[in-house]
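S.K.: Sequence and predicted model, in that order:
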Amino acid sequence: MNPTLSENGDRRSQERLMKGNEAAIYGALMAGCRSFYGYPITPASELAETAARLFPACGGTFLQAESEVAAINMLYGASSAGERTMTASSGPGISLMMEGVSYAAGAELPMVIVNVMRGGPGLGNIGPEQGDYFQAVKGGGHGCYRSLVLAPDSPQEMADLTALAFELSDQYRNPALVLADGFVGQMMEPVSLPLAARVPPPRPWAVTGLPATRRNLITSIHLDHDVLESHVRQLHVKYERARRREVRYEEYAVADARVVLIGYGIVSRVLRRAVGLCRAAGIKAGLLRPITLWPFPSQRIAELARGAARLMVVELSTGQMVEDVRLAVAERCPVDFLGRWGGNVPSSEEVVDSIVQRMRERTGDEEHVAHVA
Amino acid sequence: MSRMLLERPRSFYPVFTRKEGDPTVTHYCPGCGHGIVHKYVAEAIDDFGIADRVIFVNPVGCSVFAYYYLDVGHIQAAHGRAPAVATAAKRARPDSIVICYQGDGDLAAIGGNEILHAANRGENLTVLFINNAIYGMTGGQMAPTTLLGQVTTTTPLGRSAATDGYPVRVCELLGSLSAPASLARVALGDAKRDMAARKAIRRAIRNQIEGKGFSLVEILSPCPVGWKQTPADAAKHVLATMTKTFPPGVVKDFPAQEGGAAPSPQDAAGGRRPPVPREAIPEILGLQSPATVDHGMETKPWSRLGIEPRFLDPRIKAAGFGGQGVLFLGTLLAEAGRLAGWSVSWLPSYGPEMRGGTAHCHVILSRAPVDSPLVSRASVLFAFNRPSLDRFLPDVRDGGLVIFDSGLVPDPPDLSRVEAIGLPATAIAGKAGSVKVANLVALGAYIERTRVLPEAAVVGALAAKGLSSQVADLNLEALRAGMRFRCAP
């Protein structure tokens, strides 16, 4: 479905109906991940349950940690020892892991963390939400670092983007987050997997307990100010490289669109239908779906802002990604926002109604369109 | 002729190039216990010939820089998390020798949970616990092991049990667990005690080499600067005062107490099974190549020629009480739809696992790829109780299909704007063998009325569920009973 994901042209298996949460584990195992450390939490528990069943069968480790704090540090240990490793949780558990993610970014350790987002803040509820966007893309833990953030919109992408997260994570020696939501995790769709398991790249920097790595050191402490400055500059250079190379997104019907909808995860599915409903009603709508939330497709959004009469961001939050969209647009065109939260998801019809209503509200719209064209 | 009796251990770096400043002196204060323990560890590493195998986990605290000194592989861990880091490193590398080195704040305060559970799992690790009853690196604050009455910068009037609790006795605490192989407390302070400490450290490392499981040595250690004492006084303080609160000795030792059998629940491989070749993974995961026949159903699309246009591309909601098999019905619809060549999705309502809940799900069968898996305007509603019918009927579009259990909803609301099929699904299911298969009865009525799915697809979907033959037969019987129900068109 998405050209960016079939880039290596793997032979794929027969489709099987599975939950997004299950699919992520299948994707991970085919990507060469050999350990899962985690703590159950709704709506992410199927990841741990599926991992408990499949990792040992594949010669790997599954361990139910005593806490998310322990789990993320187990990833730190496994990754330091050279193993592809992962965990999964939801908001409250991810918050507990933030210390460890910062350490891993500082120590340049690859690892994959799946966040099946739920309602917050605090205990919130277990409905789908996208309120952890800031936490994911702005760092989340302390210090100057970034996480690579991928946003699946389907069980198929839970498998594919989890696998991609392992590749990127190794390539950039940095934690990668799969930022899903309760619906993408819980829903079932047919999933097809590559038929050949990946061989992880060598990790000559790891501490393996073998002679070749005896002098290796994994650390994030650099007491000397100049040394730390240079270390963080090197991280920054790495992040700039990711910004140039790793932006991924999907577009749908944007070529002639007057309204470009922007949403990720489950919202992008709602918006895809809304585009169809809009077009049936004579409104030329299109969709941009960021697949990487960090790095963010700012450049493409800026281009779209030059052509479209307006952009509309839809999120399961009070407005987080919309800030990055507005930064990219730099007031070239109006950016509307529609948010639902608390576990509620707007229907496609609700989105269409909102578009129509805002078009009516803005009488200067046609003029603006003419000016831009 | 001369003979070397004592020499620097080879796994102790001769100069400390990782360190700033003078590379010939350690960063530890005069009289500190860390240097002595480092030396004993290095000697053991040399003597056991394990320098290439060691993964040393450096904690937060003064010994965060143990990697300046020991010529082995190093991982520096977050404060308190060394046992979690070590657990996974050891499991990833069962042949390595993982030594966790932790201070009292690290191990007994912030990392209390990690050490407890690593010990309880019997991880095959060596933990060296330096207890100096104070936070040295941050400037002398209270530790969980600070003695009652001891003055620190955060207990300026001395530690009070009433406000600060009692000193934590880690060995005794962990001694209540079944898994640890060896727990011992030693003290540094004079030659005799030092030798006992050396012996305990070597034993804890040897235990791991021999795969015996979790071994921890608590080492009472002087901190002259933190205690504001001379090195000589600090050494005396360890032996004369600290040992009163923390009596040296063996708290747990498997050969003495367990008849020689290691109590560790783990084998030497740390619970890991033999490696599985990469080529075997797809088969273990049950991945099949696309050519394989799927659940006995040929993968050609079900002919849709006989389907009335209004029943095409159904957007379905199914709802009822938890236990009525609503989610199962949804997954069957999706699986059967997939087998019949539709694009499909299934989205459940999910909630806390609590008694008396309601359940519903969204199912889409579509000729085109599924856009939104959320069914906001339904073309089909399965309602297994009155609240579900009341709640979701407004979401059904005009002319949509509503299938409800007329036995459970004898007096339905106005259904004139939809096509309603009321059938006593639960009663029919009861006659077929179990009220639990009312969902299949309703499904039978649906496929009979709409022709959206062939019976064979439902049979294939049931087969994919891996049910016992008895249960599968019961489901099929119910499906057929539903198909036989005469729907008034």
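M.R.: Arrived safely. Numbering: from 1, shown residues only, chains lettered A, B, ... in the order given.

S.K.: Report the secondary structure state of the residue of the stretch 151-300 of chain B found nearest chain A.
M.R.: Nearest residue of the stretch 151-300 of chain B to chain A: B:V276, at 3.4 Å (Cβ to the nearest Cβ). Using the backbone N, CA and C atoms, a C-beta is placed for each residue, glycine as well. Here B:V276 is recorded as coil under DSSP: H, G, I helix; E, B strand; the rest coil.

S.K.: Before we move on, what's the pLDDT of it?
M.R.: Model confidence at B:V276, given as pLDDT, is 92.

S.K.: which residues sit in contact with A:S90?
M.R.: A:41-44, A:115-118, A:126, A:182 (Cβ atoms under 8 Å, 6 or more residues apart in numbering or on different chains).

S.K.: show me what contacts the residue of the stretch 151-300 of chain B closest to chain A?
M.R.: By Cβ under 8 Å, 6+ apart, the neighbours of B:V276 are A:57-59, B:284.

S.K.: got the residue ranges for the helices in chain A?
M.R.: A:20-30, A:45-57, A:68-80, A:91-107, A:133-137, A:155-172, A:182-186, A:225-245, A:266-280, A:298-307, A:321-329, A:348-361, A:365-372 (DSSP state H).

S.K.: cool, the stretch 151-300 of chain B as well?
M.R.: B:161-164, B:170-174, B:191-209, B:224-227, B:231-237, B:243-245, B:254-257, B:281-284 (DSSP state H, counting those that start in this stretch).

S.K.: mean pLDDT lowest for which of those helices?
M.R.: Among these, helix B:254-257 scores lowest, at a mean of 58.

S.K.: on that earlier part again, among the contacts of A:S90, name the ones in strands.
M.R.: Among the contacts of A:S90, the ones falling in strands (DSSP state E) are A:115-118, A:126.

S.K.: Excluding chain neighbours, what is closest to the residue of chain A found nearest chain B?
M.R.: Across chain A, the shortest distance to chain B (Cβ to the nearest Cβ) belongs to A:G209, at 2.4 Å. Using Cβ to Cβ, 6 or more residues apart in numbering or on different chains and skipping residues adjacent in sequence, the residue nearest A:G209 is B:S96, 2.4 Å away.

S.K.: Where do the domain boundaries of chain A fall?
M.R.: A:16-245, A:251-372 (automatic domain parsing).

S.K.: want to try JSON lines for those domains, with mean pLDDT as columns?
M.R.: Listed next are the domains of chain A as JSON lines, based on pLDDT from 0 to 100:
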{"stretch": "domain A:16-245", "mean pLDDT": "97"}
{"stretch": "domain A:251-372", "mean pLDDT": "92"}
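
S.K.: out of these, which comes closest to B:T145?
M.R.: Among the domains of chain A, domain A:16-245 comes nearest to B:T145, with 21.6 Å by Cβ to Cβ.

S.K.: burial of the residue nearest to B:T230 when sequence neighbours are not counted, as a residue count?
M.R.: Once flanking residues are discounted, B:T230 sits nearest to B:P224: 6.2 Å by Cβ to Cβ, 6+ apart. Neighbour count for B:P224, taken as other Cβ atoms under 10 Å in any protein chain shown: 21.

S.K.: Kindly report the same for the one 3 residues further on.
M.R.: The number of residues packed near B:W227 is 21, by other Cβ under 10 Å.

S.K.: just to revisit the earlier point, please identify which of the helices of chain A is closest to B:T138.
M.R.: Per Cβ to Cβ, nearest to B:T138 of the helices of chain A: helix A:91-107, 17.3 Å.

S.K.: Which other helices and strands does the closest one contact?
M.R.: helix A:68-80, strand A:85-89, strand A:111-119, helix A:133-137, strand A:175-181, helix A:225-245 (3 or more Cβ pairs under 8 Å, 6 or more residues apart in numbering or on different chains; DSSP states H and E).

S.K.: buried stuff in that helix?
M.R.: A:91, A:93-107 (16 or more other Cβ atoms under 10 Å in any protein chain shown).

S.K.: A:R272 touches A:A285, doesn't it?
M.R.: No - look at A:R272 against A:A285 with Cβ atoms under 8 Å: they stay out of range, at 10.1 Å.

S.K.: And the two? Which one has more around it.
M.R.: A:A285 (26 against 22).

S.K.: how about the nearest residue to the more buried one, chain neighbours excluded?
M.R.: A:C278 (3.7 Å).

S.K.: ok, now B:L188?
M.R.: Nearest to B:L188 is B:G33, by Cβ to Cβ, 6+ apart, at 4.7 Å.

S.K.: For that neighbour, report the pLDDT, please.
M.R.: So B:G33 comes in at 96 (pLDDT).

S.K.: cool, B:E7 as well?
M.R.: On the pLDDT scale, B:E7 gets 86.

S.K.: Against chain A, how distant is it?
M.R.: 20 Å (Cβ to the nearest Cβ, to the nearest Å).
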